[in-house]
Every structure is written in structure tokens, then in C-alpha cells.
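> When you get a sec, could you give me coordinates for this:
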Amino acid sequence: MTRQRKKFTRQQKQDAVRQIENGEKTLSEVGREMGVAASTVSVWRKEWQELGSKAFPGKGQSNSKDQELARLRRENASLKEDNEILKKAAAYFAKDVR
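Just a heads-up that it's a prediction; the model follows:
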């Protein structure tokens, strides 16, 4: 039996981070109340501190870092493929030289 992952709205995450930032509650207290690990709340806090109002973009919306990472991964895969083709071509032409 698999457990369903809890999903929180952007507003819920912002409220949790604000409670910590304002000193109303600790990470552990907020985590316990929401039913998640304190480390999860810590990740939300870090994201809020780094991205501000752009944090927690929601389903289907990625931030600029995610978009850049995806682009670089596609580019890396393409370059690896090009490299393999060039290796095979070099080996093929090297046979004719001997």
C-alpha cells in the first residue's frame, strides 16, 4: 500500500514560512502541525528566502532555475550523441588509412 504524498497550496507554504520568520513558531512546530518533516519546512523557507514572491510556483510552472537546468540537460544529451557519432566516424575513416 502506497501513501499519498501531501500537497500544500502556495498560500499554506507562505503562511508556514511567515510563522517561522515572525518568530511565532519553530520549524519543528510548523512541521508537526502540517504533518511534514521539519526539513521539508526548512526547504520551503530556503526557497522563500532565495526567490521571494516567485517561490512555490505551483503545478506546471517552473522557475527560471528549473528551466535552465532542463535546457542544459537537453543540450548535454545532444552533445553526447554528437560525440558518439564523431567517434564512430573517426574509427571508420581510420580503418581506411591503414
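
> Can you pull the domain assignment for the chain?
Domain ranges of the chain: 8-60, 62-98, per automatic domain parsing.

> ranking these by burial, who's on top?
domain 8-60 (a mean of 14; mean count of other CB atoms under 10 Å). Placement of C-beta: from N, CA and C, glycine included.

> so how far is it off the chain centroid?
16 Å (CA atoms, centre = their mean, to the nearest Å).

> For this protein, which residues score under the pLDDT cut-off?
Across the chain, the ranges flagged by pLDDT under 70 are 1, 58-63, 97-98.

> returning to what we had before: redo the domains of the chain as a markdown table? Include distance to residue 2.
Formatted as a markdown table, the domains of the chain follow (distance: least, CB to CB, whole Å):
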| stretch | distance to residue 2 |
| --- | --- |
| domain 8-60 | 17 |
| domain 62-98 | 26 |
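
> Next, give phi and psi for residue 35.
The phi/psi pair for residue 35 (degrees, to the nearest 10) reads phi 80, psi 30.

> Now it: closest residue in space, sequence neighbours ignored.
residue 6 (6.2 Å; CB to CB, 6 or more residues apart in numbering).

> quick one: that neighbour from residue 64, how far?
27 Å (CB to CB, to the nearest Å).

> which residues make contact with stretch 32-40 from outside it?
6, 8, 12, 16, 25, 27, 28, 30, 31, 41 (CB atoms under 8 Å, 6 or more residues apart in numbering).

> mind redoing it with 7 Å?
If you take CB atoms under 7 Å, 6 or more residues apart in numbering as the criterion, stretch 32-40 is touched by 6, 16, 27, 28, 31.

> still on that earlier bit, name the SS class of the residue nearest to residue 35, please.
coil (DSSP: H, G, I helix; E, B strand; the rest coil).
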